[in-house]
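J.: structure, please.
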Amino acid sequence: MLFLEVTLLVLYGFCLIFILAFSVTQFRLTQMARRAYARGLPSEPPAPTSWPRVTVQLPIYNEVFVVERLLDTCALLDYPADKLHLQVLDDSTDETVGLIAARVAHYRARGLRIDHVRRPTREGFKAGALRYGLELTNGEFIAIFDADFVPEPDFLRRTIPYFDAPDVGVVQTRWGHLNEKYSMLTELQAFGLNAHFYLEQVGRTSGGHFINFNGTGGVWRRACIEDAGGWHTDTLTEDLDLSYRAQLRGWRFRYLPQVVAPAELPAAMDALKSQQFRWTKGAAETARKHLGTVLRSNQTTATKWHAASHLLNSTVFVAIMLMAVISVPLVFVRVDLPQLKPLLQLSSVFLLPYVPLVYYYYSSWRLDQPTTSGWWFTPKFLLFMSMSMGLTLHNTRAVLLGWFGKQSAFIRTPKLGLVNRQGTWRGRRYRTGSLLDGLTLSEGLLSLYFAFGIGAGLYLGDWGLIPFHLMLMAGYGLTFYYSMRHRK
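T.: Numbering: from 1, shown residues only. Just a heads-up that it's a prediction; the model follows:
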């Protein structure tokens with residue numbers, strides 16, 4: 001029994017160290033980003049004397065609620081007509097096909113070069129569609145927008161000038177949020193995503209480290225795509241995969257936080273989970289594919305460290321999941337083994353790895369909400385951390401499938417055309433999952449499990465882990481509640 005109890009404590013300690021290492025890296029990125037903002041963003045390069053040929057690729061799969069908005073928006077892009085090509089890569093199987101055909105005919109009649117591309121099969125999903133479309137265009141630069149994006153008319157004129165050196169392979173912009181205020185769920189997603197776009201991307205760029213193309217809202221140099229080997233279909237995050245292959249071959253990426261590409265956040269839990277599954281599993285697959293190459297490369301030690309943290313960020317969910325499950329038995333271990341009291345005090349420092357994250361998310365929140373009272377940060381941060389913890393079981397499963405090489409389909413995140421507080425997810429198609437599946441049931445049971453941990457701590461007079469268990473109980477409870485509510 002003593003061996004088991006000590007083993008649990010050691011595993012808990014390893015999880016703490018892993019999460020702390022990740023948190024310290026985020027702290028360092030925050031410092032670098034803040035210095036970059038203090039120096040001021042680089043001035044915009046002059047417009048080219050001759051604008052290059054640009055193809056705008058729009059990968060679509062069953063997006064009846066947003067596809068017309070996308071095409072109408074992209075038709076308004078302010079760019080020389082003889083240098084612009086819109087390519088609708090349509091893998092749809094429903095009436096989205098007819099909506100696209102009508103819109104394409106409408107804009108073709110007005111002189112816009114726009115093609116409706118239909119593949120024989122959906123092989124390779126989004127990556128396969130992008131690769132297929134690339135063979136049908138002569139664009140020197142390739143802009144990509146997912147179905148829910150609404151780019152501003154000047155998007156290309158503000159991004160193309162940054163390809164002012166032959167080794168610049170990608171220009172990525174910051175995502176905006178069309179429906180951030182729609183619900184608590186969308187507000188918390190925006191809270192988390194903003195940290196990536198305001199701090200991570202800026203910090204890595206300013207330090208000369210690897211960043212990633214975010215799958216949409218950016219522009220590629222065609223030569224960069226081809227030199228790096230093109231779009232691969234062996235991961236669910238084809239964007240992260242190609243980003244690393246390109247940067248390992250010496251291509252430079254530029255990130256523009258001042259240029260915003262608005263998009264829609266998932267408003268229902270099943271849509272959020274499908275997005276999280278794709279991102280976390282794909283990141284694990286990409287780490288499995290490239291981590292060894294990165295560590296053996298001739299990059300600086302700092303770049304290797306930040307790249308490893310970047311590739312392993314989804315693996316943090318595994319550490320949190322394991323630490324959370326172990327933490328409840330530790331409540332009893334701390335009472336049963338008073339002789340190990342000094343060592344067991346480590347189980348109460350669960351908050352230590354999260355201290356750097358307060359700085360990280362507060363800095364991001366201030367950049368996004370400079371005039372809002374600082375008191376609003378605390379409840380939003382605690383809710384965000386709780387909800388993130390509530391997704392750890394779902395994301396841990398995705399990460400393990402990725403690390404073990406288990407193949408799965410690319411399940412796109414359905415969007416419903418929601419803006420601000422307008423519209424509803426109720427009664428819309430593209431819903432996924434049954435009312436109560438095994439994973440959702442497990443999330444509900446975990447909420448009860450951590451409630452038991454709270455009760456045990458109160459009964460035994462051990463308060464050290466109660467805050468941790470409160471966040472876990474709330475997080476899994478919210479995840480279970482939203483999963484059930486949104487599937488009705």
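
J.: C-alpha only now, for contacts and for neighbours.
T.: OK.

J.: any idea how the chain splits into domains?
T.: The chain breaks down by automatic domain parsing into domains covering 2-32+314-487, 52-266.

J.: pick the most buried one from these.
T.: domain 52-266 (a mean of 19; mean count of other CA atoms under 10 Å).

J.: tell me how far the ends of it are from each other?
T.: This stretch, domain 52-266, spans 35 Å end to end (CA to CA, to the nearest Å).

J.: now it: how far from the chain's centre is it?
T.: Per CA atoms, centre = their mean, to the nearest Å, the displacement of domain 52-266 from the mean C-alpha position of its chain is 15 Å.

J.: where in the chain is pLDDT low?
T.: Where the chain drops to pLDDT under 70, the residues are 1-2, 334-351, 420-436, 488.

J.: so where do the strands sit in it?
T.: 54-60, 84-90, 114-117, 141-144, 168-177, 218-221, 252-263 (DSSP state E).

J.: would you turn those strands into CSV with distance to residue 239?
T.: Shown next, in CSV, are these (distance: least, CA to CA, whole Å):
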stretch, distance to residue 239
strand 54-60, 13
strand 84-90, 17
strand 114-117, 21
strand 141-144, 11
strand 168-177, 11
strand 218-221, 11
strand 252-263, 13
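
J.: residue 150 is nearest to which of these?
T.: strand 252-263 (5.4 Å; CA to CA).

J.: now do the closest one against strand 168-177, angle only.
T.: Using axes from the mean of the first three to the mean of the last three CA atoms, to 10 degrees, the inter-axis angle of strand 252-263 relative to strand 168-177 is 20 degrees.

J.: helices and strands around strand 252-263, which ones?
T.: On a contact count with 3 or more CA pairs under 8 Å, 6 or more residues apart in numbering; DSSP states H and E, strand 252-263 meets strand 168-177, helix 201-206.

J.: do that again at 6 Å, thanks
T.: Judged by 3 or more CA pairs under 6 Å, 6 or more residues apart in numbering; DSSP states H and E, the packing partners of strand 252-263 are strand 168-177.

J.: can I get the strand it packs on as CSV, trimmed to CA atoms?
T.: Extracted C-alpha coordinates of strand 168-177, given in CSV (Å, rounded to 0.1, in the frame of the first residue of the first chain):
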residue,chain,number,x,y,z
VAL,A,168,8.9,35.3,-46.3
GLY,A,169,6.6,32.3,-46.7
VAL,A,170,3.5,33.2,-44.7
VAL,A,171,1.7,36.3,-43.4
GLN,A,172,-0.8,35.4,-40.6
THR,A,173,-3.3,37.8,-39.2
ARG,A,174,-5.2,37.9,-35.9
TRP,A,175,-8.6,36.4,-35.6
GLY,A,176,-11.5,38.6,-34.5
HIS,A,177,-14.8,37.3,-33.1
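
J.: what packs against that strand?
T.: strand 218-221, strand 252-263.

J.: just the residues contacting the shortest one, thanks.
T.: Contacts made with strand 218-221 from outside it, assessed by CA atoms under 6 Å, 6 or more residues apart in numbering, are listed as 141, 142, 143, 169, 170, 171, 172, 173.

J.: show me what contacts residue 402?
T.: 281, 284, 285.

J.: tell me how far it lies from residue 289.
T.: In terms of CA to CA, residue 402 sits 10 Å off from residue 289.

J.: where do the helices sit along the stretch 51-200 of the chain?
T.: 67-74, 96-108, 125-134, 155-159, 184-195 (DSSP state H, counting those that start in this stretch).

J.: residue 238 is nearest to which of these?
T.: helix 125-134 (6.1 Å).

J.: tell me what the closest one is packed against?
T.: Looks like helix 125-134 contacts no helix or strand (3+ CA pairs under 6 Å, 6+ apart).

J.: ok, now with 8 Å
T.: By 3+ CA pairs under 8 Å, 6+ apart, helix 125-134 packs against strand 54-60, strand 84-90.

J.: return the list of strands paired to the last one, each annotated with direction.
T.: Strand 84-90 has these partner strands in its sheet, going by DSSP bridges: strand 54-60 (parallel), strand 114-117 (parallel).

J.: just put those strands in JSON lines and tack on distance to residue 277.
T.: Below are the strands paired with strand 84-90 laid out as JSON lines (distance: least, CA to CA, whole Å):
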{"stretch": "strand 54-60", "distance to residue 277": "19"}
{"stretch": "strand 114-117", "distance to residue 277": "28"}
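
J.: so which of those strands is nearest residue 183?
T.: strand 54-60 (25.9 Å).

J.: circling back: can you add distance to residue 34 and give the helices of the stretch 51-200 of the chain back as CSV?
T.: Putting the helices of the stretch 51-200 of the chain into CSV (distance: least, CA to CA, whole Å) gives the following:
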stretch, distance to residue 34
helix 67-74, 33
helix 96-108, 43
helix 125-134, 34
helix 155-159, 23
helix 184-195, 12
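
J.: nearest to residue 381, out of those helices?
T.: Going by CA to CA, the one of these nearest residue 381 is helix 184-195, 8.3 Å.

J.: assess the claim that residue 233 and residue 129 are in contact.
T.: No. Here residue 233 lies out of contact with residue 129, judged by CA atoms under 8 Å, at a distance of 10.1 Å.

J.: residue 377 - nearest residue in space that isn't next to it in sequence?
T.: residue 362 (7.0 Å; CA to CA, 6 or more residues apart in numbering).

J.: now the one you found: how far from residue 260?
T.: 21 Å.

J.: thinking again about what came up before, for residue 448, find the nearest of the helices and strands packed on helix 125-134.
T.: The nearest among the helices and strands packed on helix 125-134, by CA to CA, is strand 54-60 at 40.6 Å.

J.: quick one: residues in contact with the closest one.
T.: 67, 83-92, 126, 129-130, 133, 137-147 (CA atoms under 8 Å, 6 or more residues apart in numbering).

J.: next: stretch 447-462.
T.: Outside stretch 447-462, the residues touching it (CA under 8 Å, 6+ apart) are 328, 331-332, 335, 463-466, 469-470, 472-477.

J.: against residue 22, how distant is the closest residue to residue 241 other than its chain neighbours?
T.: Excluding the flanking residues, the one nearest residue 241 by CA to CA, 6+ apart is residue 286, at 5.7 Å. Distance, residue 286 to residue 22, using CA to CA: 18 Å.

J.: check residue 90 too.
T.: 39 Å.

J.: would you put the C-alpha positions of stretch 178-194 in PDB?
T.: Extracted as PDB, the C-alpha positions of stretch 178-194 are listed here (Å, rounded to 0.1, in the frame of the first residue of the first chain):
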ATOM      1  CA  LEU A 178     -18.100  38.000 -34.700                       C
ATOM      2  CA  ASN A 179     -20.200  36.500 -31.800                       C
ATOM      3  CA  GLU A 180     -18.000  36.900 -28.800                       C
ATOM      4  CA  LYS A 181     -20.900  38.300 -26.700                       C
ATOM      5  CA  TYR A 182     -23.300  35.600 -27.800                       C
ATOM      6  CA  SER A 183     -23.000  33.500 -24.600                       C
ATOM      7  CA  MET A 184     -20.700  32.700 -21.700                       C
ATOM      8  CA  LEU A 185     -19.300  29.800 -23.800                       C
ATOM      9  CA  THR A 186     -18.300  32.100 -26.700                       C
ATOM     10  CA  GLU A 187     -16.900  34.700 -24.300                       C
ATOM     11  CA  LEU A 188     -14.600  32.100 -22.700                       C
ATOM     12  CA  GLN A 189     -13.400  30.800 -26.100                       C
ATOM     13  CA  ALA A 190     -12.500  34.400 -27.100                       C
ATOM     14  CA  PHE A 191     -10.700  34.900 -23.800                       C
ATOM     15  CA  GLY A 192      -8.500  31.900 -24.500                       C
ATOM     16  CA  LEU A 193      -8.000  32.500 -28.200                       C
ATOM     17  CA  ASN A 194      -7.000  36.100 -27.600                       C
END
